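Visitor: pasting the sequence and the predicted model now:
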Amino acid sequence: MKLYDSKLQSLVDFVPLTQGKVGIYVCGPTVQSAPHVGHLRSAVAFDIIAKWLEIGHGYEVKLVRNVTDIDDKILVNATALGKDWRELASTVEAGFNEVYEALGASVAHKPHATEHIQGMISLIERLIERGHAYQADSASANVFFDTASFAGYGELTRQKLENMEGEAIGGGRRAAHDFALWKSAKAGEPETASWDSPWGRGRPGWHIECSAMTLSELGETFDIHGGGLDLRFPHHENELAQSSAAGFGFTKHWMHNGLVTVSGQKMSKSLGNGVSVEELFELGTPAAIRYWLASAHYRSSLDYSPSSLTEAVTAVARISNFVRRAGEVATSSPIELPQEFQDAMNADFNVPVALGVLHDTVRVGNTALDAADKDSVATALSQVVRMSAVLGLDLTSNEKVATAETIDLIEGLIADRNQARADKDYARADLVRAELTAMGVTIEDQAGKTVWMWSN
RNA sequence: GGUGGAGUGGCUGAGCGGCCCAAAGCAGCAGCCUGCAAAGCUGUAAAACCACGGGUUCAAAUCCCGUCUCCACCUCCA
């Protein structure tokens, strides 16, 4: 299979470093405020990538997504809210975990920055020993990475130092692009937000966290490092510099997901065009949201609009309706995935094409249903279920989940309506139907019976 | 200034030298079903001169050159 390596800027054959095993590290959120749609896109993209490597290739995948739980913004936001920063971080993280869970994009490995302070300190010491980092001056605990000492600096994003804008020299920083590895504790910051180090009390810079956590979780060398396109510079460039300068092989491949846009512009807090997760969940089921997030190739930008989400709701309903109807006459069994689907996924995880195959299969299955061709229905059903599993689409979200009383009520109304229809009292039948609709119930008159489901 | 990416039907969105008079979905239309709608299914007309102008090739949406427009990154960001 091939994947697009965003450092090499080309499609490459993917071969795990260790046979049968794949290590993936994806940059997770800084838990400073509630998640937005962009976080979900990244999570779903890499979840599908991991699932395909597991289901499609049988690899044992270790997917790591870190949590940055100490950072300037967390401290600033906590102060503004009058909260302990640790409380804010854990509350926000719980919110992230909730939506990841809802979308089926949870990960088993979630290292926290605050749990890896010692690893970061060791790594910084190693960089100083090797001549790639320096302490600002004896009076400050600031430690910077010395970009001039590392010839490969800029190779991830193909930029030259002289062309880049940089930060003002100060605080012991020798060059505009030298970046902080360790930041001296500042007056007024909570005591709990700093740690002892050989250079004095302080806290880690952002980039060193990920280098330390990849080392701890995946070792000196691993297969894939991922994250949003906006993290390429400076974050990933700096991570690469740190880990390489420390003498580690680091990641074999880089993968970056495209950003979510609104009217063509990047969704971000600073632009104030962020779409909240709540808004998304009001418009669609988790399966529909996942479908929408996956409907554009992971490297393309994905433009948000309410109508694009309702389209996804309809599309998912088409798939789940087939599964529901087919399930009445056939059972799903483990089966080979359609070749076109496998080909699409093997071509740099081309999910839009894979979704096309899924819909094609649904159409084949529906045709078979109409023709009462049970064998073909069973095959299509099995394939659809399997493809949906790879894509992580939970098709059961509008299944009948209700209390016994509610079910009795609904079934009673349906019986009333059918009695009215039998009596040719259509006015009353329509009235009952309107009542069901108001309850959020959609009914479907099939040959000889009426089935119901929750409306989308 | 530097580094990447994008411009395909009414909309979303694939394709990246011949299988493309361009996948799939949504919307539209028709048929089936229905008491009628809705829902569901099936089929399907029209609709894309593939941003624009050149070029290469037997053959280009796909390669090359130029132009225009848009986006991202170079500060924190998934």
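Guide: Looks like it came in fine. Numbering: from 1, shown residues only, chains lettered A, B, ... in the order given.
Visitor: what count of nearby residues applies to residue A:264?
Guide: Residues near residue A:264, counting by other C-beta atoms under 10 Å, number 7. (Glycine included, C-beta is placed from N, CA and C.)
Visitor: what sits closest to it if chain neighbours are left out?
Guide: residue A:303 (6.5 Å; C-beta to C-beta, 6 or more residues apart in numbering).
Visitor: buried sites along the one helix or strand the one you found maps to?
Guide: Using DSSP states H and E, residue A:303 sits within strand A:302-304. The neighbour-count check on strand A:302-304 (16 or more other C-beta atoms under 10 Å) flags A:302, A:304 as buried.
Visitor: same question for stretch A:20-38.
Guide: A:22-38.
Visitor: wasn't residue A:168 part of a helix?
Guide: No: counting by DSSP: H, G, I helix; E, B strand; the rest coil, residue A:168 is not found in a helix; it is coil.
Visitor: that one: what's it in contact with?
Guide: Residue A:168 sits next to residue A:176 when contact means C-beta atoms under 8 Å, 6 or more residues apart in numbering.
Visitor: mind checking how far it is from residue A:25?
Guide: Going from residue A:168 to residue A:25 by C-beta to C-beta, to the nearest Å gives 32 Å.
Visitor: what bridges to whichever residue of the stretch 101-250 of chain A sits closest to RNA strand B?
Guide: Nearest residue of the stretch 101-250 of chain A to RNA strand B (C-beta to the nearest atom of the strand) works out as residue A:228 at 2.4 Å. Assessed by DSSP bridges, residue A:228 has beta-bridge partners residue A:257.
Visitor: flag the shaky bits of the stretch 1-150 of chain A, pLDDT-wise.
Guide: Counting by pLDDT under 70, the stretch 1-150 of chain A has no low-confidence residues at all.
Visitor: all the helices of it, residue numbers only.
Guide: A:37-51, A:72-81, A:85-102, A:117-129 (DSSP state H, counting those that start in this stretch).
Visitor: ok so, going back, near RNA strand B, which of the buried residues of stretch A:20-38 show up?
Guide: A:27-30, A:38 (C-beta under 7 Å from any atom of the strand).
Visitor: angle of the helix or strand containing residue A:360 against helix A:37-51?
Guide: Using DSSP H and E, residue A:360 maps to helix A:351-370. Between helix A:351-370 and helix A:37-51, the angle comes out at 70 degrees (axes from the mean of the first three to the mean of the last three C-alpha atoms, to 10 degrees).
Visitor: residues contacting the following helix or strand past helix A:351-370, please?
Guide: The helix or strand immediately downstream of helix A:351-370 is helix A:374-391, counting by DSSP H and E. The contact list for helix A:374-391, computed with C-beta under 8 Å, 6+ apart, reads A:48, A:51-52, A:55-56, A:290-291, A:294, A:319, A:322-323, A:326-327, A:329-335, A:337-338, A:341, A:345, A:351, A:354-355, A:357-358, A:361-362, A:364-365, A:368-369, A:395.
Visitor: in PyMOL, how would I select just the buried ones from those?
Guide: This is the PyMOL syntax for the buried subset of the contacts of helix A:374-391, where burial follows 16+ other C-beta under 10 Å:
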select buried, chain A and resi 48+51+52+55+56+290+291+294+319+322+323+326+330+332+337+338+341+345+351+354+355+357+358+361+362+364+365+368+369+395
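Visitor: near RNA strand B too, which of the contacts of helix A:374-391?
Guide: Restricting the contacts of helix A:374-391 to those near RNA strand B - C-beta under 7 Å from any atom of the strand - leaves A:322, A:355, A:362, A:369.
Visitor: ok, those vs residue A:311, which is closest?
Guide: Of all those, residue A:355 has the smallest distance to residue A:311: 12.1 Å, by C-beta to C-beta.
Visitor: how near is the closest one to residue A:293?
Guide: 12 Å.
Visitor: do I have it right that residue A:28 meets residue A:46?
Guide: No: shown here, residue A:28 and residue A:46 do not form a contact pair, counting by C-beta atoms under 8 Å, at 9.9 Å.
Visitor: quickly name whichever of the ones next to RNA strand B among the contacts of helix A:374-391 is closest to residue A:161.
Guide: residue A:355 (42.8 Å).
Visitor: now the closest one. Nearest residue, chain neighbours left out?
Guide: residue A:295 (6.7 Å).
Visitor: so that neighbour sits against residue A:312, correct?
Guide: Yes: shown here, residue A:295 and residue A:312 form a contact pair, counting by C-beta under 8 Å, at 6.4 Å.
Visitor: from residue A:79, how far off is residue A:296?
Guide: 39 Å.
Visitor: with residue A:394 instead?
Guide: For residue A:394, the distance to residue A:79 - C-beta to C-beta - is 40 Å.
Visitor: quick check: closest non-adjacent residue to residue A:108.
Guide: residue A:63 (7.4 Å).
Visitor: who in the stretch 151-300 of chain A is up against RNA strand B?
Guide: So the stretch 151-300 of chain A meets RNA strand B at A:157-160, A:163-167, A:179, A:206, A:227-235, A:257-261, A:264-270, A:295-297, A:300 (C-beta under 7 Å from any atom of the strand).
Visitor: now, of those residues, which are buried?
Guide: Using 16+ other C-beta under 10 Å, the buried ones in those are A:159, A:164, A:179, A:206, A:227-229, A:231-232, A:234-235, A:257-261, A:267-268, A:295-297.
Visitor: among the residues you listed, which ones are in strands?
Guide: A:227-228, A:257, A:260-261 (DSSP state E).
Visitor: now the residues you listed as CSV including pLDDT and distance to residue A:247?
Guide: Shown next, in CSV, are these (pLDDT from 0 to 100; distance: C-beta to C-beta, whole Å):
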residue, pLDDT, distance to residue A:247
A:227, 97, 23
A:228, 96, 28
A:257, 97, 29
A:260, 95, 37
A:261, 93, 39
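Visitor: nearest to residue A:428, of those residues?
Guide: residue A:260 (48.4 Å).
Visitor: quick one: contacts for that closest one?
Guide: Counting by C-beta under 8 Å, 6+ apart, residue A:260 has contacts A:37-38, A:41, A:266-267, A:275, A:301-304.
Visitor: farthest pair within those?
Guide: So, those by C-beta to C-beta: farthest apart are A:275 and A:301, at 14.3 Å.
Visitor: before we move on, the earlier item: mean neighbour count, the helices of the stretch 1-150 of chain A: which tops it?
Guide: Mean neighbour count (mean count of other C-beta atoms under 10 Å) peaks for helix A:37-51 among the helices of the stretch 1-150 of chain A, with a mean of 24.
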